[in-house]
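*Asks:* build me a structure from this.
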Amino acid sequence: MKIDAIKTQIIEIPFDNTITTAIHTMRSVGCVLLTIKTDGGISGEGYLFSLNAKNIKIYNERLSKVASLLIGQDPLLIPSILKKINLAIDSIGRDSISIAALSTLDTALWDINGKANNLPLHRLFGIHHTKVKTYASGGLWLSQSIDSIINEAHEFLRQGFLAMKIRVGSSNNSVDIERVRELRKAIGQEIELMADANQGLSIDDAIALGKALEEYDLIWLEEPVNAYDYKGHAMVKKQVAIPIASCENEYSIEGVQKMLDAGGCDVVMPDLQRIGGISEMRTTAHLSNSYDISISTHIFTEQSLCVAGSVENCISVEHMPWFAEIFNEKIDIIDGYINIPERPGTGFTFNQNAIKQFNI
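*Replies:* Purely as a prediction, here's the structure:
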């Protein structure tokens, strides 16, 4: 079997309302959808995204350039293909756009491998879980009022979630504390609650906020300070009783290693696009496990499920609904869990009819 064609599509998915975190104002996500076709009739799919479709055409150009090197290659020989891709990336620059291209190609290649073996990837890799805990992440933004987040939280509960994440990290800790307090009061103690500061705090403010939030029984406080301030993370972790989650912004396993060596987090959150695709996400999980640290995957819900099912230390996946419409298959939340699909490959395929409405 050989790769005989590469196809990319550029789309933009608008949000119903502008949403904000401590560092982002978001109106849409732009995506490049990748399909790798083979002469054996099997195709593999992956995608990358950019908030507000920023530089999305540059992402497409870079992905298409690197992907062209795969024509004529055997898609089952992933290590040798990745070596070729890495050499190409080194020659043009190992930046976030190139890593995104590598990650997307890696994911699509593994999708082909699963389909070629007629196995879901979590079984091809070696199964650890048939279902995984999830939490609602597509809401409870800083841009929402307290009444709005409480209403949305109740909607999440109706959808089957038993865990959810609220954004904090505003310029006023007392505002964040009030939002968490009122949300906890509204959902009760049985529902798991996480808080994400999105790198928006100084070390001192993060410690002060973390201590104030301890009474609300949070599962974790995410990215309390700058993502690459490993010592700062460790300082917050040492003084705050709430577990610390981070590493979604790491573009290499070396960065994750630095965070782990610094003792900066209790939960590692690899992002499929940034860390290097399915291959490096699994490697990150194994590295974290050697430190007795759990992982929880970041965004890319559909295509991260195969990793969640194939590593023993994955405690949850982030449920982000932004991309649900581009897939034929849908995710059901049952008592706070997602059943990992038993379909070959990643278990998800692009819905071309739905995608048409988002074409750029």
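*Asks:* which outside residues touch the lowest-mean-pLDDT helix or strand in the chain?
*Replies:* Each helix and strand of the chain was given a mean pLDDT (mean pLDDT, DSSP states H and E); the minimum falls on helix 78-92 at a mean of 91. For helix 78-92, contacts defined as Cβ atoms under 8 Å, 6 or more residues apart in numbering pick out 62, 65-66, 69-70, 73, 75, 98-99, 101-102, 105-106, 109-110, 113, 279. All C-beta spots, glycine's among them, are computed from the backbone N, C-alpha and C.
*Asks:* neighbours of residue 192, how many?
*Replies:* Counted with other Cβ atoms under 10 Å, residues neighbouring residue 192 total 19.
*Asks:* contacts only, for it.
*Replies:* Counting by Cβ under 8 Å, 6+ apart, residue 192 makes contact with 135, 162, 163, 164, 219, 336.
*Asks:* can you get me a residue count around the last one?
*Replies:* By the measure other Cβ under 10 Å, the count of residues near residue 336 is 18.
*Asks:* report pLDDT for the residue lying closest to it once chain neighbours are set aside.
*Replies:* The shortest distance from residue 336 to any non-neighbouring residue, by Cβ to Cβ, 6 or more residues apart in numbering, is to residue 162 (3.2 Å). pLDDT recorded at residue 162 is 98.
*Asks:* distance-wise, check residue 162 relative to residue 156.
*Replies:* Note on residue 162: its distance to residue 156, by Cβ to Cβ, to the nearest Å, is 9 Å.
*Asks:* so these two - more neighbours on which side?
*Replies:* Shown here are residue 162 and residue 156; by other Cβ under 10 Å, residue 156 has more neighbours (23 against 18).
*Asks:* assumed the more buried one was part of a helix.
*Replies:* Yes: if the criterion is DSSP: H, G, I helix; E, B strand; the rest coil, then residue 156 is within a helix.
*Asks:* what about the nearest residue to it once chain neighbours are set aside, distance to residue 192?
*Replies:* Excluding its sequence neighbours, the residue lying closest to residue 156 (Cβ to Cβ, 6+ apart) is residue 136, at 4.1 Å. To residue 192, residue 136 is 10 Å away according to Cβ to Cβ.
*Asks:* before we move on, what about residue 118?
*Replies:* Distance, residue 118 to residue 192, by Cβ to Cβ: 36 Å.
*Asks:* where exactly do the helices run in the stretch 1-150 of the chain?
*Replies:* Using DSSP state H, counting those that start in this stretch, the helices of the stretch 1-150 of the chain run over residues 56-67, 78-92, 96-116, 121-125, 146-158.
*Asks:* for these, give me TSV that also has distance to residue 181.
*Replies:* Shown next, in TSV, are these (distance: least, Cβ to Cβ, whole Å):
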stretch	distance to residue 181
helix 56-67	39
helix 78-92	47
helix 96-116	37
helix 121-125	39
helix 146-158	9
